Every structure is written in structure tokens, then in C-alpha cells.
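**Q** got a structure for you, letters missing:
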């Protein structure tokens, strides 16, 4: 039956439940396909087992078990009807039921895509053959899959060594070369092998072993994942005293790694510890509970008046970079210091992430009350913007007066101490101290000034005194009247007697 255009058949030794299996053997130089079912352009109507002797130079393709590989067709006839047929030829047991179902597909040019590659696909079990036929010629190409002993995936803890070798199952393989991810360093790189004594996140990525010749193609890859905790950004870890939203302390992986992968690397325990500002003593605030579900819990031995960090249940099914972050319970000067998030593994390796938490506050003289700083017109008001220690060299301060104030703190950056020699009514309002690095505001703290006239205070005193005097007169009159009533009653009682 003539099929116009371009028809493709994929013929394998697989036996699908709903289709019969036939075995065709080679007779002479041509393959007898008289009982082959009528051509169907897209899919075969039968799965056919074929045993064909090899002929011609083979295409050698080197790949890994578990990977995806393409058996390429380099060129097709450009005129007339073209038929492409793919075969797998078992080398030992033609009746073996090697399963290709759901593992094979065809590209647009009818190249065969095999994914994933199984152990039975390699040359030790058989080879693939492609038959390309038009009305003039028939071309047969043999493909041999060779095994590359290189893992498809590799997960390491930061600091562990990395050793990769691109070894094949045959001595005839051409020399291969391993290429590394961009920026990755190494201790030794020699042709098809590489060694790194201490890994870091720069070694994460795809390491490729590759070589291509006219009749040989070798490409194997290993996706390396390095488990590590991200360094804290210099701009993180700043808050201010009046903050109503306590800050989060970040503890994150360098990439979105499944929690199960971390556990499988031998996670033993974890903790959050705290070192107060200007002290050396370290206190454990939280420990990592692994069972029955991951959670940050407070140890029984730690009983502060105010807990510094909140307990938190972790969602183990999610791929979260900020999976281990926790929140401060309440903002106060006591939370200043260094917080360390640690993960300990059975391999005696520990991953750490450190957060330096700074608290910015504004101190004043006169001291601030709940409603702010109260002062009289003409009084001196002193403001101090402080982190509780000397300001680091890379940080600056900027004082921002209220819009109504005519006071100018001068050009930024400003000093920590700000003195208003003679306060005015216009100086009332919110004064802001901004903490900056390279022009970027990290956090800010505010204080409210309430400047009052002296006469206003005397008016309040006089009004208050007058109101008190009137109240005293009323109370005195009431007492005198009560006494008179009592006397009249006593006299009346005496007359009656």
C-alpha cells in the first residue's frame, strides 16, 4: 500500500498487552516486510521484534543510565516518499521482553529520543538500527549505546570533596574532557576527571563530560547541588525601638532544596544561639525538633523573663529558601547581639548562618514620656541617636526635623548627638534619625517633641488653682450648713422634753 509523503515507524521488541508480537529474520541482503501491516503515518499498528545482523560502521553514542539520549538522523532524502523505521536488535535473547513503552518518542526529523535510558539499552544487551528508505535507495544506520560511569546527580554539603570521572565501558572511546560550571574552581582537572578538595556554592551546577567526532558522540552530565546556608546581607539585621513589627532573623539555603534531601544527607540537629552585645557568653534560644515534624522549640533549660525568639512549626513539604528563619518576640535594647543558625550533620559537618541584630533608638534630655519629650520654649533639648555602641565606619546618620521647624542640623552625614539650644514652638513634631549605608536607609527611629510656652503653663496652673478654690468653698459651705441643721434639731428636742 503506497503511503504518500513521509511515514515513520518505531519498531521495538516490546510486547504491549493489546498488540501481537511477531519475529522477522533477515533473508539475504533484504529484510522481508511482506507481512508488515499497512503503513500508518504516525504510529505503527503492530510492535515487531526484529533480529538483524550488523553491517557498516556503527554510530557510537556514550550516555548515562537514567539520562535522556537522542539517536540522530543526519540527513533524509529530499524527494519522493520516505519511510523511516527504527529497530532494537537484542544480542542474546530475542524473546526477552525489554520494555520501551513510555520511554521512546520521535523528534521532528524522526530522530529517536530515549528517556530514561535503562540498563538493557546498552551495547551489552543489543543495538539500535534505523532504516531510511525511499523509491531509489535504502540506508541502514546502526547505533550502539555505551555506558558512561558518571552520576547524573550529586548532592554534597559545603566543605565536602568532589570527585568526578568520565569513564566508559570500552577502551575505544575517544579522550573526553570535563567542563565545569562558570566560575567554579578546582584542585585538579585532568582530561576526563576532576577533583575539588572543599566545595562551596560556586561548584553547584552542571559538570559536563563531552566529545564529538564524525561517528562518535559522548556527552554526560552531573548536576551537582551544594547544600549550604546563605551569608546574611549586610543590610539585614537592623530595627528600631518603636517598631511594632519585630524583625525576622533570616536563615536560608543558597537554593530551594527539598527538606527531604537535607534530611537524607544525615541532618542530626539544629539550633539558634544568641550572644549579647559586648559579651562572650552564648545562650541557646531554640533547638530544631525533627520528629514527628520539623519545628523550632525552646529548650527546657532556657527560661528568660522575656523569650527573645518565637517558636515556629516548619512546613517540611515546601521548597523554601527561608525555611529556617525565625521572628524576634519583642523589640528592646536587650535583643542587640549576634544570632547564629546552625545545622549539624552525622558527617561531623556544621553549617552556620550569622545575623548581627542592631537596634536603633533615640534618647533625649529631658527624658521622653509616653506622649513624647515635653519642654518649654527657650529650653535646651538634646537628642542622641544610638545603636548602643560606636557607629561602624560604613554607617552614617541623618537627622530630619519636622517640616515646621526652622532648625537645621547641617549637611549630612550628621553626628549622633543633636542639640537644640533654644527650643521654639515650631520645633514641636516628629524628629527622625535615619541610619544609612551608601545612601540607602537601613532603618530609622523617631521621637516626638512637644514645646510649650511658660505662660500657657501658668494659665493652666491658675485655672486649676481657681477651680480648686471654688470647689473648696462649696465643700465648706456644705459642711457649715450641715452643722446648723444639727443644732436646730438638738434645740427642738430639748423644748419637747
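**A** Perfect, thanks for sending it. Note that the coordinates shown come from a computational prediction; the quantities given were computed from them, not determined experimentally.

**Q** could you pull out the helices for this structure?
**A** 259-264, 454-496 (DSSP state H).

**Q** packing partners for the shortest one?
**A** The criterion is 3 or more CB pairs under 8 Å, 6 or more residues apart in numbering; DSSP states H and E, and the helices and strands that helix 259-264 contacts are strand 216-227. Where you see a C-beta, it was placed from the backbone N, CA and C, and this is true even at glycine.

**Q** buried residues in the strand it packs on, which are they?
**A** Going by neighbour count (16 or more other CB atoms under 10 Å), the buried part of strand 216-227 is 216, 217, 218, 219, 220, 221, 222, 224, 225, 226, 227.

**Q** now stretch 237-249
**A** By neighbour count on 16+ other CB under 10 Å, the buried set for stretch 237-249 is 237, 238, 239, 240, 241, 246, 247, 249.

**Q** and residue 346, how far from residue 261?
**A** According to CB to CB, to the nearest Å, residue 346 stands 15 Å off from residue 261.

**Q** ok, the two, which is more surrounded?
**A** Higher neighbour count among residue 346 and residue 261: residue 261, with 14 against 9, using other CB atoms under 10 Å.

**Q** now the more buried one: closest residue in space, sequence neighbours ignored.
**A** Closest residue in space to residue 261, ignoring its immediate chain neighbours: residue 155 at 6.1 Å, by CB to CB, 6 or more residues apart in numbering.

**Q** number of residues surrounding the one you found?
**A** Neighbour number of residue 155 under other CB under 10 Å is 17.

**Q** please name the nearest non-neighbouring residue to residue 224.
**A** residue 154 (5.0 Å).

**Q** I'd say that neighbour and residue 225 touch.
**A** Yes - counting by CB atoms under 8 Å, residue 154 touches residue 225, with 7.2 Å between them.

**Q** so how far is the longest strand anywhere in the chain off the chain centroid?
**A** For the chain, the longest strand by residue count, based on DSSP state E, is strand 350-365. Relative to the centre of its chain, strand 350-365 is centred 23 Å away, using CA atoms, centre = their mean, to the nearest Å.

**Q** and stretch 350-368, by the same measure?
**A** On CA atoms, centre = their mean, the centre of stretch 350-368 falls 26 Å from that of its chain.

**Q** now residue 381: closest residue in space that isn't a chain neighbour?
**A** Counting by CB to CB, 6+ apart, the residue nearest residue 381 is residue 420, at 4.4 Å.

**Q** related to what we said a few turns ago, between the buried residues of strand 216-227, which sits nearest residue 65?
**A** residue 220 (10.3 Å; CB to CB).

**Q** list the beta-bridge partners for that closest one.
**A** On the basis of DSSP bridges, residue 220 is bridged to residue 209.

**Q** my read: it touches residue 211, true?
**A** No - judged on CB under 8 Å, residue 220 makes no contact with residue 211 at a distance of 10.1 Å.

**Q** what sits against residue 197?
**A** Counting by CB atoms under 8 Å, 6 or more residues apart in numbering, residue 197 makes contact with 161, 187.

**Q** quick one: it from residue 161, how far?
**A** Residue 197 sits at a distance of 5 Å from residue 161 (criterion: CB to CB).

**Q** now swap in residue 362 and tell me
**A** From residue 362 to residue 161 the distance is 52 Å (CB to CB).

**Q** and what of residue 285?
**A** In terms of CB to CB, residue 285 sits 34 Å off from residue 161.

**Q** then residue 289?
**A** Distance, residue 289 to residue 161, by CB to CB: 31 Å.

**Q** between these two, which one's more packed in?
**A** Of the pair residue 289 and residue 161, residue 289 is the one with more neighbours under other CB under 10 Å, namely 16 against 11.

**Q** any stretches of the protein with poor pLDDT?
**A** Within the chain, the stretches with pLDDT under 70 are 1-56, 79, 93-98, 172-173, 191, 212-216, 303-306, 316-321, 455-497.

**Q** what sits up against stretch 335-345?
**A** Here stretch 335-345 makes contact (CB under 8 Å, 6+ apart) with 157, 229, 249, 251, 262, 265-277, 279, 282, 285, 288, 308-309, 324, 328, 350-359, 387-388.

**Q** quick one, which of those residues are buried?
**A** By 16+ other CB under 10 Å, those give 157, 229, 249, 251, 262, 265, 267, 270-275, 277, 285, 288, 308-309, 324, 328, 351, 353-359, 387 as buried.

**Q** tell me where the stretch 1-150 of the chain has strands.
**A** For the stretch 1-150 of the chain, the strands defined by DSSP state E, counting those that start in this stretch occupy 6-10, 21-25, 47-51, 59-63, 69-71, 82-90, 104-106, 112-114, 126-133, 138-149.

**Q** which of these sits most buried?
**A** Burial of the strands of the stretch 1-150 of the chain is given as mean neighbour count (mean count of other CB atoms under 10 Å); strand 59-63 ranks first at a mean of 23.

**Q** can you list the strands that it pairs with?
**A** Applying DSSP bridges, strand 59-63 is found paired with strand 138-149 (parallel), strand 216-227 (parallel).

**Q** can you list these in JSON lines and add distance to residue 175?
**A** Formatted as JSON lines, the strands paired with strand 59-63 follow (distance: least, CB to CB, whole Å):
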{"stretch": "strand 138-149", "distance to residue 175": "14"}
{"stretch": "strand 216-227", "distance to residue 175": "10"}
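
**Q** quick one: which of the ones you listed is nearest residue 376?
**A** When the strands paired with strand 59-63 are compared by CB to CB, strand 216-227 sits nearest residue 376, at 62.5 Å.

**Q** next one: the closest one to chain centre, how far?
**A** Relative to the centre of its chain, strand 216-227 is centred 23 Å away, using CA atoms, centre = their mean.

**Q** ok, residue 396 touching residue 416?
**A** No - look at residue 396 against residue 416 with CB under 8 Å: they stay out of range, at 10.4 Å.

**Q** joint contacts of these two?
**A** Counting by CB under 8 Å, 6+ apart, residue 396 and residue 416 have no contacts in common.

**Q** quick check: phi and psi on the residue lying closest to residue 266 once chain neighbours are set aside?
**A** Nearest non-adjacent residue to residue 266, counting by CB to CB, 6+ apart: residue 346, 3.5 Å away. Residue 346 adopts backbone torsions of phi -60, psi -20, taken as degrees, to the nearest 10.

**Q** equivalent analysis for residue 65, please.
**A** Note on residue 65: backbone dihedrals following degrees, to the nearest 10 are phi -70, psi 130.

**Q** state the distance from the nearest residue to it once chain neighbours are set aside to residue 143.
**A** In space, and not counting its chain neighbours, residue 65 is closest to residue 117: 5.5 Å by CB to CB, 6+ apart. For residue 117, the distance to residue 143 equals 12 Å [CB to CB].

**Q** got it, and residue 348?
**A** Counting by CB to CB - residue 348 and residue 143 are separated by 47 Å.

**Q** do residue 158 as well
**A** Residue 158 sits 41 Å away from residue 143, going by CB to CB.

**Q** list the contacts for residue 289?
**A** Counting by CB under 8 Å, 6+ apart, residue 289 touches 295, 296, 297.

**Q** list the beta-bridge partners for the residue nearest to residue 261.
**A** Applying DSSP bridges, one finds that residue 155 bridges with residue 225.
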